[in-house]
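S.K.: I'd like to go over a predicted model; first the sequence, then the structure.
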Amino acid sequence: MKSSFWIPAVLAAAVFAAAAPRARALDWLPVTEEDRAATASTIDPDAGAEILYRMEQIDNSDISESSMGTVTEEYVRIKVFNEKGVRRVSKTEIRYNDYESIATLDARVIKPDGTIIVVDKKSFFDRRGARSGSESSSKHSRSFSFPQLAPGDIAEYRVCKAARDAFLVADVLYFQSDLPTRHVLFRVKPRPRMRPNEGTAAYFHKCPQIKVVRASDGFSCVEMRDVPARKSEPHSYSPRDAQMWMMFYPTDTLGKPEEYWKKTGTELASEVDGLLKKASKLAREKAVALTAGAASAEEKLARLNDYCRQSILNVSEFPPPGGVDRKKMLAERRPPDELIQSGMGSSRDIPVLFIAMVRALGLDARIAMCADWGTGLFKTSFQYASFSMRGRIVAVRVGDGWKYYDPARCRVSTGTLHWLNEGNTALIATTKAVEWVVLPVTPPAQSRQLRTARLRVDEEGTLTGTVSIEYSGQALNRALDSYYKTEQPRITSQVRASVTGRIPAGKVSKVKVSGANDLSKPLKLTYEVNIPNYAERAGSRLFIQPSFFEKGVKNRFPDEKRVNDVFFQTNYQYVDDVTISVPAGAQIEEGSAPVSKAQDDWGAWGHYKASLAAKKSDSTIIYKRDFVFNRKIVPADKYRLVKAIHDHAFAQDAHVITLRGVAPGATAAPAAAPKQETRNSDEPDADDPEPDEPGRDDQ
């Protein structure tokens with residue numbers, strides 16, 4: 001749950017000793033009569049358990065050689081009311097990062113008669129996570145179960161974590177938990193001042209401006225009572241944005257927000273211009289060579305952006321070849337020519353190279369800071385750019401407007417931005433002024449998945465065949481996140497999991513991803529499937545769901561009501577083209593086709609088009625589906641329409657065709673075609689030589 005910002009302690013001229021000193025830990029608190037007597041939550045009567053008390057203490061003040069670094073202590077006491085609460089509380093997981101270690105951990109159960117059952121240290125289970133992709137650290141956990149837990153018991157634990165070789169800069173402190181909480185207390189002692197005029201400010205999100213009390217021992221204290229449990233809902237901005245939290249963060253001054261952001265933006269632009277002050281001959285030559293023959297500014301910019309994505313290894317995301325000091329490369333700022341010569345650069349340096357090449361062509365290119373949906377909805381009042389404006393992209397003036405590029409992220413295709421930045425706020429900067437903009441969102445037609453399946457169902461209901469998926473725009477970006485620089489065994493495992501997650505009996509083989517490591521080529525996924533009992537049998541009838549790609553998919557929005565705004569990572573379009581060859585002699589029983597919904601029904605929100613037809617010449621079912629959703633953020637009070645759209649798609653995707661006259665073990669020889677067809681009235685004849693192309697209305 002915690003989101004922290006750390007910097008190496010050596011920057012503070014402190015190197016922590018390797019020997020571990022004695023860990024500090026909180027004392028167990030006495031159990032009050034009120035705690036013993038509680039029989040139901042005072043905040044949510046339906047909750048099976050309630051946190052009576054939660055205290056988190058962060059001591060970041062001691063950076064001496066003998067210290068433990070930043071010490072985080074947490075104490076949690078929970079009252080269990082019924083069996084539902086027992087199930088919720090019985091297992092607990094303590095998470096920590098590479099830079100942290102668990103110094104002490106104790107847990108116990110207090111019975112109503114006062115008997116105490118201590119969790120055996122041997123019952124603690126450690127799980128170490130693996131680092132992958134651009135993750136800067138691995139996530140680990142230590143878990144345990146409360147023994148003999150029963151209704152009426154009190155379960156509590158205390159943990160002390162230490163972070164060596166680093167100290168805390170800022171920390172998100174969450175008031176809400178999975179359970180309602182009677183009393184939350186945060187105690188924070190900030191790091192020593194790094195500059196004479198540096199201080200600490202507090203920011204509160206979705207909660208009242210709580211008074212910060214300075215305790216006699218130097219800790220800043222904040223508390224809240226009767227805190228409801230956080231509401232976890234699908235498609236929220238981020239766990240951070242959907243709940244109440246606060247942050248202590250360092251600041252020199254807290255003046256007017258516009259002054260702070262202008263100062264921050266112009267300083268960044270000055271830093272970029274300083275790196276470009278010396279003429280970059282190699283960057284100019286590279287820009288001219290790459291754009292030779294390009295007909296428009298957009299084409300030139302696309303070529304330069306693709307060069308940065310494809311030819312400059314981003315060492316911030318991927319480790320460079322052996323023999324290179326990655327830490328040094330990340331710490332130093334490197335001029336553009338050096339990136340071209342080495343073929344490597346950091347996330348900070350690659351945008352500067354792109355700017356140098358664009359300016360060499362006479363275009364106006366500027367660095368831009370951008371907000372990140374992962375940190376919640378951006379607010380200018382939160383004057384801490386390291387948290388709320390972490391992204392770095394490039395804005396280029398083309399005609400009367402801006403075009404935006406993210407050359408440092410190789411897995412972000414040219415013409416798009418990362419989904420965390422799209423639709424969010426950005427600050428375009430020069431050395432003298434800044435300009436606020438809202439970043440564009442890639443339209444659904446440019447974020448398409450074209451899904452094709454050529455399948456056959458036999459007399460026993462087993463489905464076999466080949467599947468292919470092609471990606472564009474944001475769909476391509478998400479596929480690159482999964483497949484770029486990924487070993488084949490892991491790709492195969494991912495694809496199998498995606499199929500068996502919705503069809504457990506499915507078997508996947510011959511998985512292949514083309515274009516995954518060559519960013520200049522289209523990306524295409526292909527595989528073969530074998531799914532026993534895909535079609536259900538009843539006597540001589542088989543029941544088939546032709547929407548293969550949605551088989552087993554759960555309803556996205558089952559809840560009738562919504563608390564948080566709805567957030568979609570991307571707009572999307574799924575275009576499905578499925579053919580299913582059926583057993584010889586099978587006939588399709590008369591029935592209706594899936595119901596389409598055009599844009600006239602949903603306005604600019606999207607459409608759902610589906611059609612069914614039977615091709616008489618070779619006993620084949622032809623199913624086509626085109627589903628578009630065109631919203632990134634929907635206020636909670638508009639949830640009804642979001643649910644209606646996805647409920648409609650969910651219901652129509654479950655449409656089933658009935659085949660009759662299919663005897664088990666019958667010979668699959670050519671036979672008479674079905675006597676009737678099932679189709680939409682606006683669908684062309686399946687025997688026509690040139691049927692409508694899926695999704696052509698969106699071209």
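M.R.: That came through fine.
S.K.: Tell me which helix or strand the closest residue to Ser123 other than its chain neighbours sits in.
M.R.: Closest residue to Ser123 apart from its sequence neighbours, by C-beta to C-beta, 6 or more residues apart in numbering: Phe144 at 5.3 Å. All C-beta spots, glycine's among them, are computed from the backbone N, C-alpha and C. Per DSSP states H and E: Phe144 is located in strand 139-145.
S.K.: which secondary structure elements does that strand contact?
M.R.: strand 91-97, strand 100-110, strand 125-128 (3 or more C-beta pairs under 8 Å, 6 or more residues apart in numbering; DSSP states H and E).
S.K.: and among these, the most buried is which?
M.R.: Comparing those by mean neighbour count (mean count of other C-beta atoms under 10 Å), strand 100-110 comes out on top with a mean of 19.
S.K.: Quick one: residues in contact with it.
M.R.: 20, 23-25, 28, 31, 68, 71-72, 92, 94, 96, 116-119, 124, 142, 144, 146-149, 153-164 (C-beta atoms under 8 Å, 6 or more residues apart in numbering).
S.K.: ok, and the closest non-adjacent residue to Arg625?
M.R.: In space, and not counting its chain neighbours, Arg625 is closest to Asp576: 4.0 Å by C-beta to C-beta, 6+ apart.
S.K.: Out of the helices and strands packed on strand 139-145, flag the one nearest Glu298.
M.R.: strand 91-97 (41.8 Å; C-beta to C-beta).
S.K.: Report the strands that pair with the closest one, each with its relative direction.
M.R.: strand 139-145 (antiparallel) (DSSP bridges).
S.K.: Run the chain-centre distance for whichever helix or strand comes after the partner strand.
M.R.: Sequence-wise, the next helix or strand downstream of strand 139-145 (DSSP H and E) is strand 154-163. Chain-centre distance of strand 154-163: 28 Å, with C-alpha atoms, centre = their mean, to the nearest Å.
S.K.: Give me the helices and strands touching strand 154-163, please.
M.R.: In this structure, strand 154-163 packs against strand 70-80, strand 91-97, strand 100-110, with contacts taken as 3+ C-beta pairs under 8 Å, 6+ apart.
S.K.: which outside residues touch the second one?
M.R.: Residues from elsewhere that reach strand 91-97, judged by C-beta under 8 Å, 6+ apart: 1, 102, 105, 107, 137-146, 157, 159, 161.
S.K.: One more pass at 6 Å, please.
M.R.: Residues outside strand 91-97 that contact it (C-beta atoms under 6 Å, 6 or more residues apart in numbering) are Ser137, His140, Ser141, Arg142, Ser143, Ser145, Val159, Lys161.
S.K.: Likewise for stretch 359-374?
M.R.: Surrounding stretch 359-374, the residues in contact under the criterion C-beta under 6 Å, 6+ apart are 237-238, 268-269, 272, 284, 287, 355, 358, 378, 388-391, 393-397, 420-421, 424-429.
S.K.: one more time with 7 Å, if that's ok
M.R.: By C-beta atoms under 7 Å, 6 or more residues apart in numbering, the residues outside stretch 359-374 that reach it are 237-238, 265, 268-269, 272, 283-284, 287, 291, 297, 300, 351, 355, 358, 378, 385, 388-397, 420-421, 424-430, 439.
S.K.: Please check those and keep the buried ones.
M.R.: 237-238, 265, 268-269, 272, 283-284, 287, 291, 297, 300, 351, 355, 358, 378, 385, 388-396, 420-421, 424-430, 439 (16 or more other C-beta atoms under 10 Å).
S.K.: For the closest residue to Leu313 other than its chain neighbours, grab phi and psi.
M.R.: Spatial nearest neighbour of Leu313, chain neighbours left out: Met344 (4.7 Å); criterion: C-beta to C-beta, 6+ apart. When read as degrees, to the nearest 10, the backbone of Met344 gives phi -140, psi 150.
S.K.: what's the neighbour count on Leu290?
M.R.: Look at Leu290: counted by other C-beta atoms under 10 Å, it has 16 neighbours.
S.K.: ok, so what distance separates it from Arg496?
M.R.: For Leu290, the distance to Arg496 equals 40 Å [C-beta to C-beta, to the nearest Å].
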